[in-house]
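K.L.:
Turn this into a structure:
(2 chains)
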Amino acid sequence: MLIRNVRSIDPQVGLDDVLDVRIVGKRIAEVGAGLSAGDDEMLDGTGKVLVPGLVDMHVHFREPGFEYKEDIASGVRAATKGGFSDVATMPNTDPVTDTGTSVRYQIDRGIEEKKTRVRPIGALTRGEKGEALAEIGDMIEAGAVGFSDDGHGVQSAGMMRTCMAYVSQFDRAVIAHSEVDSLTKNGVVNEGRASTRLGMFGWPALGEELEIMRDIELCRLTGCPLHVAHISTARSLELVRAAKADGLPVTCEVTPHHLFLTEDDITDAYETNLKMNPPLRTPDDAVALIEGLVDGSIDCIVTDHAPHAKHEKDCEFEIAAFGTIGLETSLPLVLTNLVLPGRLSWQRLVEAMAISPRRILRLDPVKIEAGSRADLTLVDPRATFTVDLDYLESKSTNSAFLGAELTGRPADLFVSGRHVLVCGEVA
Amino acid sequence: MALSVKHLLDTVSLTADDITQILDTGRSFAEVNSRAIKKVPALRGRTIVNLFLEPSTRTRSSFELAEKRLSADSLNMGGSTSSVVKGESLADTIQTISAMNVDMFVCRASLAGTPHLIAENTDAVVINAGDGKHQHPTQAMLDLYTMREHFGHLNGLKVAIIGDLSHSRVAGSLVPALKTMGATPILVGPPTFQVSDPAYWGVEQTSDLDAVIPEVDVVYLLRVQLERMGGAVIPSKREYNRLFGVDERRRALMRPGSIICHPGPMNRGMEIMHEVADAPEAKVLDQVTAGVATRMAEMYLLLGGEGVAH
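P.N.:
Now for the predicted structure:
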C-alpha cells in the first residue's frame, strides 16, 4: 500500500509535510517524497491528513453482561468508524473484569474482530466494590493496560491508598473516576442553574474536585501514577495543573461532551442523551477545559463511550441511564469545533488523541517513520456529514450529538497495516 | 380567546395575558361553584384522564370536581393501578390510553419532566398537576387568584416564600408566575433548604425570616416535605418550628392587611402553629376554593370549551 501525496503530521518526529508513506506488511516501510509505486496498491492522500493511529483510552463495550447495549464486535466497529486503532475498555462489565482470565477474554474477542484493538483496563478492587484489591499482577500478565473502578469512585481513602501503593510496584497508572458519593447522592444534573431550573437533585462540582484533591495527595504519598478520568470542571483542571507543577505523575482526560456541551443545553424537553456522569457543567467550565486542552494541561481526549439501550433512555430523565456514546463522533467534533477554526493545532490533536494515551497506557509509541508499526489514521478534513442513525456503528444510538452537522472525519484506518476503514466505511 | 400554549406544563411559558385570562375565567367559574346547581355543559363529551403516578388526595379531588362541574367524562388512573408498576414504559402507557381517543391528560408524577414526556407521546392536551421538584402550575394559578381576590391586584405585591425551597415544585411555579405579574418574591429558608441558583430566578434568598415578615404582603408557607429530601438537612421539626415556623409572635410582625397562604396539607406545629392556621389572615381554605375554579378555567381554555355561563 502506498499512500501518496498526503500531509503527514507527527510531532514525535517533527513531521508536518506532504509526503508518500509506504506500508509493507504490518509496518511502515518508507516515508518520503515521490516514492515509486511499483506493484503497490495506491491510495491518493491529496487534501487529507495522515496521523498516527488514534487511541481512545476510555470506552465501555459492555461485554460480558450487557450485550444488549453493546458487545465487543459492535464496539470495535464503532471504534474503527471513529478512526481509532486502539481503545481501552473499562471493567464495569458483569461479571466485573477483575481477573486475568476476564482480561484475556476481552483481548481475544477483540482480536477475532480483526479491526481496532481492544486494550482492557482491569478493576482496581474486586467486583469494583471498593473493599479488596483485585488480582492486579495477574491482570497485567494477561495484558491489562491500567486499573480503574470506573463508574464510581473508591469511597474509602484508606482503600484508595492501598490500591495506589499496590499498583506503584508495576508500571501502570491508576485511572480515577472521581466522585464522592455522599456529595453526589441522587444528583442527575449539575448543581446550580440546571438543578434549579429543571427541579432535580444536583451533582455538585465539589463532588468531583474533593476526590481529585484526595487522590493527588495519595499520588504524592505512594508515587503511583494517577490519571484523572473525564474531568469536567475548571477547578478540577486547576488541581491537575498544580499537581503537574509539583512534578507529580498526574495526567487527565476530557470528553468531547464536556468540551462542547453545557448544562444549558438540557432544556425543558429533558433530553436524556444529555444525562452524563459527571454531568454537563457550566459554559465557564467548558471554556476552561478547552484552554486546558490547548495548553497541554489536559493530556488526552476520550469519549467515555457509554452505550445504553432505547428503553434505558426513552424514559423520565431522573431514572434514565447515565452516558452518551462517542466513538464515531469524537474526532469530527474536535475537528469541527477546534482544529478547523484554528483554535487547536494538528500537533496538539495528535498528542491528545494518539501520543499521550499510548504513553499513559504504557503502549509502544507509533510514529510516522520507517520501521514503526503501521497504525495510521487518514483524516478527510473537508468531508461534511450529519450525525444520524446511518452514520453510527454502535449497537446503541444514545448520542448526545444526534443531528449535529460536522466537518472532518476519519476516512481510512490501518491497524498493523490492515486496511480496516476504507473511504469512511468499516471494511 | 385562547392561551398562547397548547399544554399547561409550567408557568415559565405563560404570558401575563395567559395568566390574566385564567384568573378572569376562574372568576366566572367561581360564580358557577357558588350556585345550588354547580354544573355547566362547557366540556360535555370531552374525555379527561387523571393520571396520578404519585399519591395525591387534594389536587386529585380538586381536578375531579372541576371536571364534573364542566360536564367532562373523566377516568382516574393511579400509581397502584398504573402499568408503570407492571414494567411498561410511560410512553407505552400514554400511547395506549391515547389510542382510546382522550382529549386531555392531567398528570401528577414524582419525576421531573414527566408531563413533557407525556405531551411528546400524545395529541391530547396535557396539564401538569405537579412533577417531582420541578413545577406545579395549577397551584400557582390558584395562589395568584387568591392573592388577586384579596388585594385587587398582583403588580407590586411582595411575597415571602418560606420553607423547603430546593425540593419545592410549588416555589418552582409560583416564583416565575409572580414575576410575570409584576410581583416580587423573596425566598426564605435555612441554607440547606435554599435553591442553589436564585439568580436564575432573579430573586433574593435569605435565612432571616423576622427581617422579611414586616416587609411583605403575603407570607407563603411551604409544606416541609420530608419525603422529598435526599437526606436529613434540618436537625429536628422542633428546631425548624423555632427558626421558620409562624407563631403568634411572628404573626404580630406582619404588615396590616397582609395574608398567609399555604398549599396544604399543613404540618401544624411545624411550619405553622395551630392558632395562626385558623387566624383570619390565613387564606388556606380560600386557596382550596380557588383551586376548583381556576382548574375549571385552565381545562376550559385549553380545550376550547363553549357555553360558559357568565
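K.L.:
quick one, helices of the stretch 51-200 of chain A?
P.N.:
A:72-81, A:100-113, A:136-142, A:157-167, A:181-184, A:193-198 (DSSP state H, counting those that start in this stretch).
K.L.:
residues in contact with the second one?
P.N.:
Meaning helix A:100-113. A:61, A:63-64, A:72-73, A:76-77, A:89, A:93, A:95-97, A:116-120, A:122, A:135, A:138-139, A:141-144 (Cβ atoms under 8 Å, 6 or more residues apart in numbering or on different chains). Any C-beta I mention is one placed from the backbone N, CA and C, and that applies to glycine too.
K.L.:
longest helix anywhere in chain B?
P.N.:
For chain B, the longest helix by residue count, based on DSSP state H, is helix B:284-303.
K.L.:
helices or strands up against that one?
P.N.:
Counting contacts by 3 or more Cβ pairs under 8 Å, 6 or more residues apart in numbering or on different chains; DSSP states H and E, helix B:284-303 packs against helix B:16-33, helix B:58-69, strand B:104-109, strand B:125-131, helix B:137-151, strand B:259-261.
K.L.:
For the residue of chain A most remote from its centre, list the residues it contacts.
P.N.:
Within chain A, the residue lying farthest from the chain centre (Cα atoms, centre = their mean) is residue A:38, at 38.4 Å. Each residue near residue A:38 by Cβ under 8 Å, 6+ apart is listed here: residue A:2.
K.L.:
And the pLDDT at it?
P.N.:
We have a pLDDT of 85 for residue A:38.
K.L.:
That one belongs to a helix?
P.N.:
No: using DSSP: H, G, I helix; E, B strand; the rest coil, the secondary structure at residue A:38 is coil, not a helix.
K.L.:
For the stretch 151-300 of chain A, which residues are neighbours of chain B?
P.N.:
Proximity of the stretch 151-300 of chain A to chain B, by Cβ under 8 Å from any Cβ of the partner chain, involves residues A:185-186, A:191-193, A:195-202, A:268-270.
K.L.:
repeat that with 10 Å
P.N.:
By the rule Cβ under 10 Å from any Cβ of the partner chain, the part of the stretch 151-300 of chain A lying against chain B is A:182, A:185-202, A:204, A:266-272.
K.L.:
so how far is residue B:14 from residue B:141?
P.N.:
Noted for residue B:141: a distance of 9 Å to residue B:14, by Cβ to Cβ, to the nearest Å.
K.L.:
So which of those two has more stuff around it?
P.N.:
residue B:141 (28 against 25; other Cβ atoms under 10 Å in any protein chain shown).
K.L.:
Name the nearest residue to the more buried one, sequence neighbours excluded.
P.N.:
Excluding the flanking residues, the one nearest residue B:141 by Cβ to Cβ, 6 or more residues apart in numbering or on different chains is residue B:294, at 4.5 Å.
K.L.:
Next, the contact list for that neighbour, please.
P.N.:
By Cβ atoms under 10 Å, 6 or more residues apart in numbering or on different chains, the residues touching residue B:294 are B:22-23, B:25-27, B:29-30, B:62, B:66, B:138-146, B:287.
K.L.:
Setting aside sequence neighbours, what's the nearest residue to the residue in the stretch 1-150 of chain B that chain A sits nearest to?
P.N.:
Of all residues in the stretch 1-150 of chain B, residue B:134 sits closest to chain A, at 2.9 Å by Cβ to the nearest Cβ. Nearest residue to residue B:134 in three dimensions, chain neighbours excluded: residue A:199, at 2.9 Å (Cβ to Cβ, 6+ apart).
K.L.:
quick one: that neighbour and residue B:172 touch, right?
P.N.:
Yes: judged on Cβ atoms under 10 Å, residue A:199 makes contact with residue B:172 at a distance of 5.3 Å.
K.L.:
what do those two both touch?
P.N.:
With Cβ under 10 Å, 6+ apart, residue A:199 and residue B:172 have common neighbours B:10, B:112, B:131-136, B:166, B:195.
K.L.:
The residue of the stretch 1-150 of chain B closest to chain A and residue A:188: what is the separation?
P.N.:
12 Å.
K.L.:
try residue A:139
P.N.:
From residue A:139 to residue A:188 the distance is 33 Å (Cβ to Cβ).
K.L.:
Could you check which of the two has the larger neighbour count?
P.N.:
residue A:139 (28 against 24).
K.L.:
contacting residues around whatever residue of the stretch 101-250 of chain A ends up closest to chain B?
P.N.:
Nearest residue of the stretch 101-250 of chain A to chain B (Cβ to the nearest Cβ) works out as residue A:199 at 2.9 Å. Neighbouring residues of residue A:199 by Cβ under 10 Å, 6+ apart: A:189, A:318, B:10, B:111-113, B:131-136, B:166-169, B:171-173, B:195.
K.L.:
Kindly recompute the last result at 6 Å.
P.N.:
Counting by Cβ atoms under 6 Å, 6 or more residues apart in numbering or on different chains, residue A:199 touches B:112, B:132-134, B:172.
K.L.:
Give me the local confidence score for the residue sitting nearest the centre point of chain B.
P.N.:
By Cα atoms, centre = their mean, chain B has its centre lying nearest to residue B:139, at 1.3 Å. pLDDT recorded at residue B:139 is 98.
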